[in-house]
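In: sharing a sequence plus its predicted fold:
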Amino acid sequence: MTVKVRIPVPLQRLTKGKEEVDGEPGTIISLVNSLDKKYPGLAERISEGGKLRRFVNVYVNEEDVRFMNNEETEVKDGDEISIVPAIAGGG
């Protein structure tokens, strides 16, 4: 089995338009790095120096990894990962 990773619209140009891609189990940061091998440029938009960027929210099965083990959160076969860029604005 694999890990399902939902890709936000702004990053779909890197995944050739795919909304969802398959990844390998492990930690969040190892998943990001392995996806970068398939989709170059993805990791630099999600992480920096082995840490998740603060304006990118990552969820494992709808749980925010910031309340788990951040980039060291383990993911296993069948997990669903969502990458959600933070949105700012208002008036």
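Out: Nice, thanks for sending it over.
In: quick check: bridge partners of residue 6?
Out: Using DSSP bridges, the bridge partners assigned to residue 6 are residue 20, residue 82.
In: of all the residues in stretch 68-76, which ones are buried?
Out: The neighbour-count check on stretch 68-76 (16 or more other C-beta atoms under 10 Å) flags 71, 73, 75 as buried. All C-beta atoms are positioned from the backbone trio N, CA, C, and that covers glycine.
In: ok, the residue lying closest to residue 52 once chain neighbours are set aside - contacts?
Out: Once flanking residues are discounted, residue 52 sits nearest to residue 71: 5.0 Å by C-beta to C-beta, 6 or more residues apart in numbering. Residues in contact with residue 71 (C-beta atoms under 8 Å, 6 or more residues apart in numbering) are 27-29, 32, 47, 50-52, 65.
In: ranges for the strands of the protein?
Out: With DSSP state E as the criterion, the chain has strands at 3-6, 20-23, 26-27, 47-48, 51-52, 56-60, 63-64, 74-75, 80-85.
In: tell me the mean pLDDT for the third one?
Out: Yep, that's strand 26-27 we're talking about. Averaging pLDDT along strand 26-27 gives 98.
In: what does it rub up against?
Out: Residues from elsewhere that reach strand 26-27 (C-beta under 8 Å, 6+ apart): 34, 71-75.
In: over to the longest one?
Out: By C-beta under 8 Å, 6+ apart, the residues outside strand 80-85 that reach it are 3-8, 10-11, 23, 28, 31, 46, 55-62, 75.
In: the longest helix in the protein is where?
Out: Criterion DSSP state H: the longest helix present in the chain is helix 28-38.
In: what packs against it?
Out: Helices and strands touching helix 28-38, by 3 or more C-beta pairs under 8 Å, 6 or more residues apart in numbering; DSSP states H and E, are strand 3-6, strand 20-23, helix 42-46, strand 47-48, strand 51-52.
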